[in-house]
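In: Can you look at this prediction? I've put the sequence above it.
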Amino acid sequence: MKVIVIGAGVLGVSVARQLALAGEDVLLLDQWGAGAGTTATTFAWTNSSRKPDADYHRLNLAGMEEHARLAGHLRGAPSYFPSGALQWADAANEQRLADNVERLRSLGYPARWVTPEEATRIAGDLRIPATITSLAHFPGEGYVLPDLFVNELLTDAEQHGATCAIGEVVAIDDGPDHVAVTLADGEVRTGDRAVLAAGRWTQRLAALAGIDIPLVTDVGRGAPTVGLLGYARSPRLDLRCVIHSPGLNLRPAAGGHTVLQALDLNADVDPADPPTVNGDLASTLARRFSALLTDPGRPPRIDLRVGFRSLPADGRTVAGYAFAGSRVYCLVSHSGITLAPILGRLVAAELTTDQEQDLLRAFRPTRFAGARRSEIEVDQHATGLGEQ
């Protein structure tokens, strides 16, 4: 079987690798190159911390477990780190944290309270402010180095026969016996199946095949799709896990660097006028970062990157065919980093065997059929979907 995977982000590359491992003929297409889209601007925290929907929580748990299994098969430097995560709360946020810890414990999700001294040992090179009143540790969580992870998946896919090509898709013909994908240069690629795994561009590409995949498409100032990340090049830290503190989230990056995320600042980000390293948002990030450093004397050096999240309108992963007889498989998720390994394996299994995978049953695009947009949209901010 020949499969054309459109989108070489973390989901598309993961699916392509699994298909190649199964011996299928795989063409991976991307307009810019592997990992250059949504995957390049993710906080990359692996978790199922705030996934109240039972099916979505179960899928994310499976994603966390699959990361651990996959890490033993990928070659090269480690790209997945089961470091655990700490969440710190001040008086204004301690009840929200307590409620979430209680909910997760009731589901069997590893979560425990820790003292400031223990949290300091777990966190590494950070200072816990005196305003912090409660601290929780989630030992099953972790993080990924996205660029390295995608490159390793792609390398393995190519070693097993997958082909990667650059090209902009301008037409998709979902025919009765094949799929034809037309590129901007006029070239037509045909296959037995196509997988749309193009992140926030999936809705537009699906429409080319007559398929409606409702996503949040607003990319204006303060939109829930818009996120700001800071990349602290200095000072170099011995940061040992993911940290969620009031006003600032942190995760380790390569070379002692740190990725920073301040969710409340996203409302002030205008992609049409991106923040600069000398502007107010950068200064706020630097000030909050300095407040957590054991040696705050030297001003941090922080680069900024504006990203656009992939947000299905109802907040839940989309995985499957939009109608009976379709040869176009749609795949998009907000939790791409956590879910990439498990979705890669399950989607490849459905494509190659035509056997439904239980974990994906609740996420079919057929759930949108006949529904009005107002019936499926959720408040992305209220559900915590902007946290990754």
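Out: It's in.

In: Roughly how far does residue 287 sit from residue 67?
Out: 34 Å (CB to CB, to the nearest Å). Heads up, the C-betas are built off the backbone N, CA and C, glycines and all.

In: swap in residue 52?
Out: 22 Å.

In: repeat for residue 17
Out: 14 Å.

In: higher neighbour count, the two?
Out: residue 17 (31 against 23; other CB atoms under 10 Å).

In: Which parts of the chain are helices?
Out: 10-21, 54-71, 94-106, 116-123, 146-159, 202-208, 280-290, 336-353, 373-376 (DSSP state H).

In: Turn those into JSON lines, columns for mean pLDDT and distance to residue 359.
Out: Below are these laid out as JSON lines (pLDDT from 0 to 100; distance: least, CB to CB, whole Å):
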{"stretch": "helix 10-21", "mean pLDDT": "98", "distance to residue 359": "14"}
{"stretch": "helix 54-71", "mean pLDDT": "97", "distance to residue 359": "5"}
{"stretch": "helix 94-106", "mean pLDDT": "98", "distance to residue 359": "19"}
{"stretch": "helix 116-123", "mean pLDDT": "96", "distance to residue 359": "31"}
{"stretch": "helix 146-159", "mean pLDDT": "97", "distance to residue 359": "20"}
{"stretch": "helix 202-208", "mean pLDDT": "97", "distance to residue 359": "20"}
{"stretch": "helix 280-290", "mean pLDDT": "96", "distance to residue 359": "37"}
{"stretch": "helix 336-353", "mean pLDDT": "98", "distance to residue 359": "6"}
{"stretch": "helix 373-376", "mean pLDDT": "70", "distance to residue 359": "21"}
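
In: Give me whichever of those helices is most buried.
Out: With neighbours taken as mean count of other CB atoms under 10 Å, the helices of the chain reach their highest mean count in helix 10-21, at a mean of 29.

In: so that one versus helix 54-71, what angle?
Out: 60 degrees (axes from the mean of the first three to the mean of the last three CA atoms, to 10 degrees).

In: Can you name every helix or strand that helix 10-21 contacts?
Out: strand 2-6, strand 25-30, helix 146-159, strand 328-332, helix 336-353 (3 or more CB pairs under 8 Å, 6 or more residues apart in numbering; DSSP states H and E).

In: Return the alpha-carbon coordinates of the second one using CSV.
Out: Translated: strand 25-30. Only the C-alpha atoms of strand 25-30 are listed here, as CSV (Å, rounded to 0.1, in the frame of the first residue of the first chain):
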residue,chain,number,x,y,z
ASP,A,25,5.4,2.6,0.7
VAL,A,26,5.4,6.0,2.4
LEU,A,27,5.8,9.5,0.9
LEU,A,28,6.0,12.3,3.5
LEU,A,29,5.2,15.7,2.2
ASP,A,30,5.7,19.1,3.8
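
In: list the buried ones in that strand?
Out: By 16 or more other CB atoms under 10 Å, the buried positions in strand 25-30 come out as 26-30.

In: my read: residue 84 touches residue 121, true?
Out: No. Using CB atoms under 8 Å, residue 84 is not in contact with residue 121, being 11.6 Å away.

In: Residue 88 and residue 241, how far apart?
Out: In terms of CB to CB, residue 88 sits 12 Å off from residue 241.

In: ah, wrong one, I meant residue 255
Out: Residue 255 is 17 Å from residue 241, by CB to CB.

In: ok, now residue 37?
Out: Applying CB to CB to residue 37 and residue 241 gives a distance of 27 Å.

In: For residue 267, give me its contacts.
Out: 221-222 (CB atoms under 8 Å, 6 or more residues apart in numbering).

In: ok, residue 92 - contacts?
Out: residue 246.

In: Repeat that for residue 341.
Out: 14, 63, 66-67, 69-70.

In: now with 7 Å?
Out: Neighbour list for residue 341: 14, 63, 66-67, 70 [criterion: CB atoms under 7 Å, 6 or more residues apart in numbering].
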